[in-house]
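Novice: Sequence and predicted structure below; questions after.
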Amino acid sequence: MRKNVWAICTALVISLFFGTTLDVAAAKQKTHYIGLHDRLLDFEDVQVIDNDMKVPLSEITKILYIPVKKEKDITYLRKRGIVISYDESTKRTSKDGVELSWSPIVDVDGTLYISAKYIAKVTGFKVEYIQNLKTLRIYRDDYEHMSHADYEKHVKQLLDEKKPIKPIIPIKLPPVTPTKPSAKSATTIYLTFDDGPNKFTTINNATLKKYNVQGTFFFLGKHMKNNESIVKAVAKDGHYIGTHSMTHDKEKVYKSSKSFIDEMNEGTKIILQMTGQDAKLLRVPYGSKPHVTPAMQKLLNQNDYKLWDWDVDSNDWKYTDEQVDQIIENVRTGVVKADKSGDRDIIVLLHDRKQTSKALPEIIEWLQKEGYTIKTYEPEGHIIQNFLHDTTL
Ligand SMILES: [Zn+2]
């Protein structure tokens, strides 16, 4: 009777955990995963047999520190006073000498596999099945670990990294002939937008599209994580996306050379994961000077980064959306001044903010009316523009 109740419960739990029937063939393409505390274990093979995830016995016992001993036809697993034995001749498993109604250990072409859930539970672990990631997490409450929700996010990220990335093919705009051809058409304007992606990125993108021009966006990692669709849309429309750090937090970004380069690498990695583009141009928060130290400069170099500050500061962040005229005026004055000084590549600093979105149509209209060429950043024609006067960046 007890055996039956146990069998029914097991069947119930298994069907609750796994829902649909999964076949062995599907499992061979590494569709199922086993985790231990905060790790994702790298098993050669996870097989789903009888709706149960089974792993090579020799591998899991090593990971869970379970001694294995083979005597004649019988394999013994001993842990915490419990003895699990598998008899090759009968293909049955026993626990403490009592034969089980089902065999958590099976022989697959001469290799023993064991139910991951069974061996975990019987040796004092708990298990949690993450249905959508097909991951069985083994853990113990007395061992420090992240929450199941955090673990799920963590595993999702790990599995996403393993997937090959399909690059987004950006739209290439044909060169725009200025409406009023003049000496100014020899001057290129790079409109750059910091601090997105957010809802104003989408508005700015729509405005750029309306005027048939492309810009350059410097995104923050923390915002990219929540706005993947915006990142993809911007990349698809042919605007260059570079990183602007993960946190934008002065205390964190510039805390050390390591924190600095970590923020840049992490942001760049997110762009790569979302767009398939290896973005080597970055803009550091608050500008490079005086924050970027020689050591950080060196690291940028070693990692093949390029760094852009700006020629014209719109100071857009200082104004409300009632003061858009001031933003437009700042861009106009700045561009005219830079142009007169002989600068043929003028980088304009803007932000993905409400007031900027309001000012942008008029800024573009003025630039086009004056005959300037507006372009997105092109890595193959890199322009050096940094306050550090570092010609290698
Ligand atoms: Zn910024």
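Specialist: Now that the structure is in, tell me what you want to look at. Note that the structure is a prediction, hence the values are computed from the model and not measured. Numbering: from 1, shown residues only.
Novice: So out of everything in the stretch 1-150 of the chain, what residue is nearest the ion?
Specialist: residue 150 (27.8 Å; CB to the ion). Glycine gets a C-beta too; all of them are placed from N, C-alpha and C.
Novice: That residue: which element?
Specialist: helix 148-162 (DSSP states H and E).
Novice: do residue 207 as well
Specialist: Per DSSP H and E: residue 207 is located in helix 199-210.
Novice: what helices or strands is the helix or strand following that helix leaning on?
Specialist: The first helix or strand that comes after helix 199-210 along the chain, using DSSP H and E, is strand 216-219. Secondary-structure packing of strand 216-219 (3 or more CB pairs under 8 Å, 6 or more residues apart in numbering; DSSP states H and E): strand 188-194, strand 240-243.
Novice: can I get those strands in TSV with distance to the ion?
Specialist: Below are the helices and strands packed on strand 216-219 laid out as TSV (distance: least, CB to the ion, whole Å):
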stretch	distance to the ion
strand 188-194	4
strand 240-243	11
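Novice: Make a markdown table out of the ones you listed and add mean pLDDT and mean neighbour count.
Specialist: Converted to a markdown table, those look like this (pLDDT from 0 to 100; neighbours: other CB atoms under 10 Å):
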| stretch | mean pLDDT | mean neighbour count |
| --- | --- | --- |
| strand 188-194 | 98 | 25 |
| strand 240-243 | 98 | 26 |
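Novice: do you know which of these lies nearest residue 91?
Specialist: Closest of these to residue 91 is strand 240-243, at 56.5 Å (criterion: CB to CB).
Novice: Mind giving me the packing neighbours of that closest one?
Specialist: On a contact count with 3+ CB pairs under 8 Å, 6+ apart, strand 240-243 meets strand 216-219, helix 228-236, helix 257-275, strand 281-282.
Novice: Residue in the stretch 201-350 of the chain with the shortest distance to the ion?
Specialist: Shortest the stretch 201-350 of the chain-to-the ion distance, computed as CB to the ion: residue-wise this is residue 285, at 4.9 Å.
Novice: Now do the contacts for the closest residue to that residue other than its chain neighbours.
Specialist: Leaving out its chain neighbours, the residue that sits closest to residue 285 by CB to CB, 6 or more residues apart in numbering is residue 248, at 4.8 Å. Shown in contact with residue 248 (CB atoms under 8 Å, 6 or more residues apart in numbering): 195, 220, 222, 285.
Novice: you'd agree residue 339 is up against residue 346?
Specialist: Yes. Applying CB atoms under 8 Å, one finds residue 339 in contact with residue 346, separated by 6.8 Å.
Novice: ok, and what's touching stretch 119-138?
Specialist: Applying CB under 8 Å, 6+ apart, the contact partners of stretch 119-138 are 17-19, 31-37, 40, 53, 60-61, 64, 66, 77, 79-80, 82, 84, 95, 104, 116-117, 139-141, 148, 151-152, 155-156, 159.
Novice: Just say helix, strand or coil for residue 346.
Specialist: strand (DSSP: H, G, I helix; E, B strand; the rest coil).
Novice: residues near it, how many?
Specialist: For residue 346, the count of nearby residues is 25 (other CB atoms under 10 Å).
Novice: Quick check: the closest residue to residue 146 other than its chain neighbours vs residue 137, distance?
Specialist: Using CB to CB, 6+ apart and skipping the chain neighbours, the partner closest in space to residue 146 is residue 38 (5.4 Å). Computed as CB to CB, to the nearest Å, the residue 38 to residue 137 distance reads 9 Å.
Novice: Common neighbours of these two, please.
Specialist: Taking CB under 8 Å, 6+ apart as the contact rule, the neighbours common to residue 38 and residue 137 are residue 151.
Novice: Compare neighbour counts for the two and give me the winner.
Specialist: More neighbours surround residue 137 than the other of residue 38 and residue 137, with 26 against 15 (other CB under 10 Å).
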